[in-house]
Every structure is written in C-alpha cells, then in structure tokens.
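Novice: Below is the structure, and that's it, no one-letter string:
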C-alpha cells in the first residue's frame, strides 16, 4: 500500500472547495462513507477553481492544489469512516482490493445524467485521478488495464484513452464507454462473466488437477494386460524402443502444450482452446468437435474394458447372467451411470474419486514390482522363474509371431495418450500456466519410467512360453533343449511344436496377476485404470464441448454452452456424453472404432505441435511463452511424427480422420464465425504480406505483369454502387482497388470519426465480397485530397496506377469552382503519370440522397457485433464526381446512404442486389430516383449476350483495350462480345482493319468485329453544333466585348471561362467530339458498355468549361460509357 503524498499548501489564488472539510474547522464533520455511498465522491471541478484535493494524512490535514482545470474531476476519499487517515497498513474494505488495483463499488455519475462510467485508482490508498501525488487522469501501469474480462462488480477497468488525455476538454471524459471504442465479443462477454468467480469455486493445483489425471489416463489397461505380451513379441530391446518412441511423441506434444499454455491466460476448453486461440477458429472448431467426440467414445471404450474384466471374473465363478456380450452391456451401462453420478456431483467429488483410484493403481503397480522379487516354486511351471541373466538375454531380442514391429507399436501407442487430461479441465485449474507444463511433463516422465520398468522386469524373469505343467522338467537323458528354461531346469520345448501353451509372455495376458505378490490387487488395478480413464474422459468431453459451444463456432450447438452451479458445470454436455457412451457400449464391438479414436487424439496432438511451429514462424510479438524449453523445428517434427503414427496405427482410420478434419475446416471457413482471437494464422498472413511486399519492391515492373491498380473516387463505398461494381469487375483477383474518399469539412477534422468510418466501411466492403480497400482523408477541397491519395495511397508496388472517377453530371448547374477542381484533378493524375478512367451513366452515379438506406447497413453491422456509427453524407445529388462533400452535421440514419444486402438472406451470391427497396421506411421513390436506383445495380447482374464496344481511337499504351478484355473474362460479362472501332480513311479501310486484326491477334485478345470509321472527319450536323454553341454560351469570356485589362482580370478570377481564341484554336477538336457522339449513337446505342479513348486537353491551354463541354457532348444520351486514357506506357505486349 503506497504512502500518502506529502502535504502541500494551496496554490496561489486557489480556494479550497466548500464541500471539503478543512483542517481545524470544527463546524464540518469529517467525510465518511455511509452504506449508500461510494468509496469516492466525484464532482466536476469548476474551470476557475482548478482545485484538487490532497490525501488526508494522519494529522487530518487536507489541501487543494491544481494543474489542470476545465472538465477535471475532484475526488474525496471516503476510505476512513472515522474521518482520520488510515494507517499505512490498514486493510481496505473487502471487495475493494484486487491485486494492486482498487475499484469503486458504485458507478460514477456525471453531473448531467447519471451515466455509468469506468474508473480506476492507481494507488491503494490515494485518490482517484492522482498519480505520483499529482492530479492527473494519466494512470500508472496496472494489470487490470490488460484484462479482457470484467473486474469485480462487473465493470471493466480501463486506462484513460488518448483522446481523454490529449483532446481539448469540450466533452465529458469517458463518454465513449469502452476505451478506443472496443467492445467485447459474445464469447469474451461470456468469459468476462465466468472470470468473476463467486466464492466457493473449486480450483485444482498442478498435482490434483493435472499430474493425477494424466497419470491415470496414461496408465490404462495396457499396463496390466498387454505390456507383457508386447515384451514377448518385441523383446526387451524393441519394447523399450516402442515405449521411448511413444514418449518422444508425447513429450514433444507436452512441450508444445506447455508453450501454448504459458503464452497467456488459459480458459476452459483444453486442446480446443489451445488450438483455436493459436491457429484460429477453423482448425480449433474442427479439432474441438472430433476431440470432444473422441473423448465421449473413449468413455465407452474404457467402460467396456472394465465390463469385460468383470465378465471374465463372473465366468470364472460361473456366475454369467445372460451371455457374455449382454453381460458386458449390462455392466457397462450400470458403470457409466455410476460415473455420470460422480461427475455431475461436482468436480470435487470427481477429484476425490480420481485420488482413490490412483492410490489403488499405484498399489497394484508396486504389488507387481514386489512380486517379481518373490520367487514362488508353484509359479515356475507358468514361466515365472525369477530374475535370471539367461531369461534376460533370451528375451532381449524380438520373437514376432504374426505381428511386426509397427503392428505392436500401433497396439501400444494408445496407452501413451491421455497427456491432455489435465489441460482439458484448464478452466478448473488454479494456475493453468504453471499446472499444465509441470503436471503434464512430470506425468509423461513417471508413466514412461513405469512402462520401461515393467518391460525390463517382465522380460528378465518370465519366459516367453510355458506349459504350466510342473512335470515338464529336464530329464537327464534329454539334452537337446537350449532355451533359458532348459538351463533353469524346465523343458517347455513342446510349446513350439503344438503352439497351444497357455502360459508365458506370449500366451498369457494375465502374467502380471500371476507374478504379483497379491493377484487380486492387479485386478483392482485393472478396474482402477479403466474407471479412472473413463472418468477423466467423461469429464473432458463435456468441458471441451462446452467451450466449443460458447464460442458459437457451430451455431446449432449453442444449447450445450450453458453451465450450472458455482463451477459452471456443463450438465447438458454430460448428458450428451452419457448418451454417446451408452450407444457405443450397447454396440459392444469397439475394435473397429478404437483406431479412429486413437487417430482423433493424434490429430489433436499434431495440431498442437503445428500450432507452436506456426506461431514461431509467424514471429508475432505476441508469441512469448514463459515456458522456454521448446523449439519450433522440434514441434514441427512432432507434428509430422503424429501424422506418421496415425498411418502406422491404421491407414484407413488416418485417412478418415483427415477427411473429417478437412470437411469441418471447410465448413467453419465457409461460415466465417465472427471471432478474432489474434491467431498465428493472422500473424503469419501479415508476415507473408510484408515479406512479399518488400520482395515486390525489389523487382522492376514488366509489361507482362501489368495490372490496372485503381484509385476509385467513390466517396463512401456504398454511395456510388455502379462505379464500385464496374471497377471491381475488372480488378477482382487481378489488381488493386482502393476506394478513395476525400472528406471536406468547415469544422475541425474529427480524425477519430474518420478512423471509425475506415473500419466500418472496410467491414462493409468485406461483407459485400468486394475486394477493395477504403481510404478516407480529410482535405480542404477535393483536389487537395485527391493529390494526397495519388501520392500516398498504396504501399511499395501495391500502389494505384489508374484514377477512376465518376462523370460530374451536374456540372452545368453547380459552382464552376467545383468544375475547375474536378478538371484539375484529372490534370493532376496525368502529372503523376496515372491513367484516368471516367464512368458516365446518363441516370447518374450518386445514390447517397436516397433515404432509408443506412438502416440496412446498420442492421447488418449490428448483427455482426459492430458498433453503429452515424456518418456524415452530402445530401445533394450534385456530387457524382465529387467524393468529398459531407454535410456539416451528421445526418439521420434514414438520410445516410447504405447500399446493403438483405440481412435476412444468408446467401452470399454476388449477383444479389445490394439495394432492397422494400426495406425503406420512406415514401415511394420518384421516377428519376427509381431509374437511378435501377441503373446503380446494373453491373451486379449478368450481362447476357450483349457487346462491349471499344472505341480505340488513340493509342494510350493499350489500357483502353485491356480493361474490356479483363471485363469479358469475368463470369457476369463472359457472354459479351468485344467490338472494336477505330478511326481511318475511306480509301484505307480494308488495310486498317487487317492491321488492327493482326495487332489484336498478336495480343491474343478475342474480338467479334472490327469497324473502321472512315467518316470520322465528316462535319457534324448543324443542329448538334448549334446545341454545343448554346451549351457553352454562359461560359464564354467574350473578351472582344470588354477592355483587355478587364478581360484579363475576369479570366484570372474565373479561369474556367472559354476565350474566343481558344474556341477558334480547338474548333476541329470540338467538331470531332460532336461527330463522335453522332457515330456512337449510330453504332453503339445498344451496347452494354462503351469503352472509349478519352479526349486530352493541354494543361493551361484548354479551359475547364470547354473540356467539360467536350466530355458532355461526347458522352451524352448513351449507354454506360467509360472514357479511358492510359499514361502512354505500354500495358500490352505480344512478346513471351
């Protein structure tokens, strides 16, 4: 507990606040808590007062001082009920102390509405908002700031946000709730509730929680019934090799488990939790399901093993109830009912049962080892002759009879599994980070040594074959016997002839019972081994399954996520496990299913090992396990070993396991659960992206690898769907697409809002399967913002090379300064060596003024757990070309644009319209908006058997040809044919057509027709010329009608005006635009899309009004038209 800060006198001019008790003032009672009061009283400090309280020391003194004023908090300490300061060693009231953090019991209430806030105290016995004895809301490092779960009293402890420390105090601190806008996912909220442990929760240490469970699970029936047979088959040497090989696999897996378990706080879920938080929900979800199922079926396996042993005893006693198979079923069901009762009674009862079973098991093992030293003459005919060098030497080598090394290994290896028994109840461990490594590795060591000890002792004192006949001794006249038994006085050579001997390592599974000091203890050990393993699996399966269901990876299984009681026991999971166990017990034929279960466990081990390798490979700063004794390559070797062992045990079971894991992986990947666990998959994706981006930067661009990388000035991505969809059609899986958005505002830029919108609309793009990035910027005007994006957007080689904008349909009605900005934006793009593409739809592009669309966006984002953010949108329809004009105030949800899928439809068909008119709560749309809405969706539909007309009039490097080629490669445009139109002379039409056909064939671009326009230079119709003259009339400078000085001044003030000289100079070019529009209407009026060479205007020579007039004249009253101009660098080549 920190000492109170020293007393300081009030600052000059500061007055103590009235409500504080001053030293020596007898009229005021010392402040003390009442049952209804919080530990702290918080009030806003007046701007002028700048007063702040100091600690009330033992002398009762209190002073005021301050360093910050407006919007600050003043705090009174109520810790001492008597009014005097608490002594330094005073213990705070129960519930306030949480490690080194003290938290207020009540909520903080603002002076304006009683809103709940989060609060913190940086020292145990100092005031809130006091750090190092100074008044500041800056907090010292504190463990509770790093917790994902709630602190006591169900309020999350957060540090002050950067905004609260840095922004001007124009709003109340903490009004945003969570720091940085963070919200907990449903899984984290459930974990938060779980973390606030009520009193009486049972938690286990590393011995009872991990060591005991792992030892009981690893020591199975195999130890007593099959180990001696393995020694008979493989010999002492190979038996030790088999045990050591198994130990290598389990030890590597144990090390990997320890590394993952010590890389952060571990909650319940065992193997599922470890794998899912490391590799992500796809691997975790698939393994979690089969691991839980494997544990449930393992319950049946162990119970049937127990039941078969009991039936053998009944058979010996001639007490069979019905028949052997039905007796196994009856005893099995009764046993699993008993085990279920123990499990449901609670973890403490289950732990006590495990301890009891372990005592029996260890007693049985000691009973065997003691028995090997007790030589009993009656046991010698059965092959137990005591420790003899002859027997050891004879049994050191293998004697495979119908088996191979790998088949024997496959039989033994399942006995080595069970190392995750402790990790599976990680949620019930006191300190999983310590318990799992220590308990698991020690259990592997102890059980491995016991297995080795049994192999060596059994092989040293028991012969492979024995008749059990005490008369089979060596006679003096028969000396051909060379076996170890012969040297010790017994002749068991008849066993090799008849092969019907019932005793010895090879023939008697009950050898250990015969050798032991007290036979029934071995039977008790078998019972203990089977029941303890069954009990561990019966507990593990529901715990893992509950953790899986809580994360909602498989939505239909959320019913099983509910827990009951103080330990959050998965009672529903217990019942499900019981049903599965009973079903497999009633089958009573587990030989076929056993290899699959072993492979399910091995698949889990393989992925745990792979998780460590993957996390190390990703080199994420978050991968820093406190357990250091691991190596990424050893873990990878362990994963490979697990896979090899899977196929060694049973190749078809291994294949089946892999198919099931893959199927579940694909399902979870397809469903895309809304979780973010910071997996190593994310870390490796980033690492690879960074590495490859750097590699790309070191390679010069090549024409063959040219891709159109588009900076698309969409504004909000949902405000111009036609522009977004068309560009996405030719950049998807081909090139980069960045949705640029220039935000202009008359107020101070709100960068936090900009960052929130960036996240929000990036999520919107992903939801709509648009492969693009959203990049908003604040700027004074559209041109400045576009310049920023042209220079800074992208990374390395992943930078835009083409600017795509919408045509400014309303340019004649708006402010001509905006037109000047728009045209200069095109000039800037060319200056930066960008290509430029302009899309014009006669109906327009911008749908942001259409009401009722934002609700669709909001509803989908709310359903995915995202915070809804109200955005500012330009309400006018004047901004088809301007992506930058948000209104000065946030609009209502109905007025904000949102083009979104129907969230009632779970399908993700890309052809589904983004707009759903029936979702709009507003009045029916007018005819113009209805047409605009339909036009905005036209590129989402399949285009059918139409044409894409390419008017390649000028060679810009080939971009005008490349874009339609990429478009027609896409599914929606596949049936459209490319028609090419070129300019030419009447007397060279055939020659020009052949030349273009040759060029296109060399480029390997399919086309349906080539049209040479011989009449391109014909004068346009007079009425069209007159219409053009009428259109530009308001924009003329008319310098001949005024003084030269006045004309120059007007031109300087309004540079967009058209001079008479300019009109005369570019008369031919003007006429060409008018004529081209006539030709376009003649040839391409039915095309699905027109792609045309964009006219260029020399910078400084052609005014903005004239340039826009060319655009207007050229593209009016036509189907969708793309005006394209590359940067005159080749983007096509016919060289290989």
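Specialist: That came through, no problem. Given the structure is predicted, the values throughout are model-derived calculations rather than measurements.
Novice: Beta-bridge partners for the closest residue to residue 571 other than its chain neighbours, please?
Specialist: Counting by C-beta to C-beta, 6 or more residues apart in numbering, residue 571 lies nearest to residue 564, which is 5.0 Å off, once chain neighbours are set aside. Where C-beta positions appear, they are placed from N, C-alpha and C, glycine not excepted. Counting by DSSP bridges, residue 564 forms beta bridges with residue 569.
Novice: and residue 322, how many neighbours?
Specialist: Using other C-beta atoms under 10 Å as the criterion, residue 322 is surrounded by 9 other residues.
Novice: isn't it right up against residue 329?
Specialist: No - when contacts are counted by C-beta atoms under 8 Å, residue 322 is not listed as touching residue 329 (9.0 Å).
Novice: follow-up on the earlier one: how close does the residue nearest to residue 571 get to residue 248?
Specialist: As for residue 564, its distance to residue 248 is 41 Å (criterion: C-beta to C-beta, to the nearest Å).
Novice: Mind checking which of those two has more residues around it?
Specialist: residue 248 (16 against 12).
Novice: roughly how far is the strand or helix carrying the more buried one from the heart of the chain?
Specialist: Mapping residue 248 onto the secondary structure by DSSP states H and E places it in helix 227-261. Centroid separation for helix 227-261 versus its chain: 35 Å, with C-alpha atoms, centre = their mean, to the nearest Å.
Novice: Give me the buried positions along it.
Specialist: Using 16 or more other C-beta atoms under 10 Å as the test for burial, helix 227-261 gives 227-236, 238-240, 242-243, 245-261.
Novice: which element follows that helix toward the C-terminus?
Specialist: Heading C-terminal from helix 227-261, the first helix or strand you meet, by DSSP H and E, is helix 270-279.
Novice: Okay, angle between that following helix and helix 227-261 too, please.
Specialist: Angle between the axes of helix 270-279 and helix 227-261 is 40 degrees (criterion: axes from the mean of the first three to the mean of the last three C-alpha atoms, to 10 degrees).
Novice: Which secondary structure elements does the next helix or strand after helix 270-279 sit against?
Specialist: Scanning forward in sequence from helix 270-279, with DSSP H and E defining helices and strands, the next element found is helix 281-316. If contacts are counted by 3 or more C-beta pairs under 8 Å, 6 or more residues apart in numbering; DSSP states H and E, helix 281-316 sits against helix 221-225, helix 270-279, helix 324-344, helix 519-550, helix 571-587, helix 594-618, helix 651-671.
Novice: repeat that with 6 Å
Specialist: In terms of contacts (3 or more C-beta pairs under 6 Å, 6 or more residues apart in numbering; DSSP states H and E), helix 281-316 is packed against helix 270-279, helix 324-344, helix 519-550, helix 571-587, helix 594-618, helix 651-671.
Novice: Packed most tightly, which of the ones you listed would that be?
Specialist: For the helices and strands packed on helix 281-316, the stretch with the most neighbours on average is helix 270-279, a mean of 28; neighbours defined as mean count of other C-beta atoms under 10 Å.
Novice: contacting residues around it?
Specialist: Contacts to helix 270-279, defined as C-beta atoms under 6 Å, 6 or more residues apart in numbering, come from residues 260, 267, 283-284, 287-288, 291, 420, 423-424, 426, 544, 547-548, 604, 607, 611, 615, 677, 679-681.
Novice: ok now that helix, how far from the chain's centre?
Specialist: Here the centre of mass of C-alpha atoms in helix 270-279, compared against the chain's by C-alpha atoms, centre = their mean, lies 12 Å away.
Novice: likewise stretch 658-676?
Specialist: A distance of 12 Å separates the C-alpha centroid of stretch 658-676 from that of its chain, computed with C-alpha atoms, centre = their mean.
Novice: going forward can the numbers begin at 14, since that is how I track them
Specialist: Fine by me, first position is 14 from now on; the one you just mentioned is stretch 671-689.
Novice: So for that stretch, mean pLDDT?
Specialist: For stretch 671-689, mean pLDDT is 85.
Novice: and of the helices and strands packed on helix 294-329, who's closest to residue 963?
Specialist: Using C-beta to C-beta as the criterion, the shortest distance between residue 963 and the helices and strands packed on helix 294-329 is 38.2 Å, found for helix 664-684.
Novice: ok, the nearest residue to residue 220 once chain neighbours are set aside - contacts?
Specialist: In space, and not counting its chain neighbours, residue 220 is closest to residue 452: 7.0 Å by C-beta to C-beta, 6+ apart. Remark: with contacts taken as C-beta under 6 Å, 6+ apart, residue 452 is in contact with 219, 223, 224, 435.
Novice: Which of the residues you listed sits closest to residue 799?
Specialist: The nearest member of the contacts of residue 452 to residue 799, counting by C-beta to C-beta, is residue 435 at 60.4 Å.
Novice: Would you check that that closest one makes contact with residue 225?
Specialist: No - the pair residue 435 and residue 225 fails to qualify as a contact (C-beta atoms under 6 Å) at a distance of 8.4 Å.
Novice: got the phi/psi numbers for residue 857?
Specialist: Recorded main-chain torsions at residue 857 are phi 110, psi 180, according to degrees, to the nearest 10.
Novice: how far away is it from residue 307?
Specialist: With distances taken as C-beta to C-beta, residue 857 is found 60 Å from residue 307.
Novice: what does residue 614 give?
Specialist: As defined by C-beta to C-beta, residue 614 lies at a distance of 6 Å from residue 307.
Novice: Ok, residue 598 next?
Specialist: Going from residue 598 to residue 307 by C-beta to C-beta gives 16 Å.
Novice: Repeat that for residue 372.
Specialist: Using C-beta to C-beta, residue 372 is found at 28 Å from residue 307.
Novice: out of those two, which sits in the busier spot?
Specialist: Neighbours were counted for residue 372 and for residue 307 using other C-beta under 10 Å; residue 307 has more, 28 against 11.
Novice: Many thanks, have a good one.
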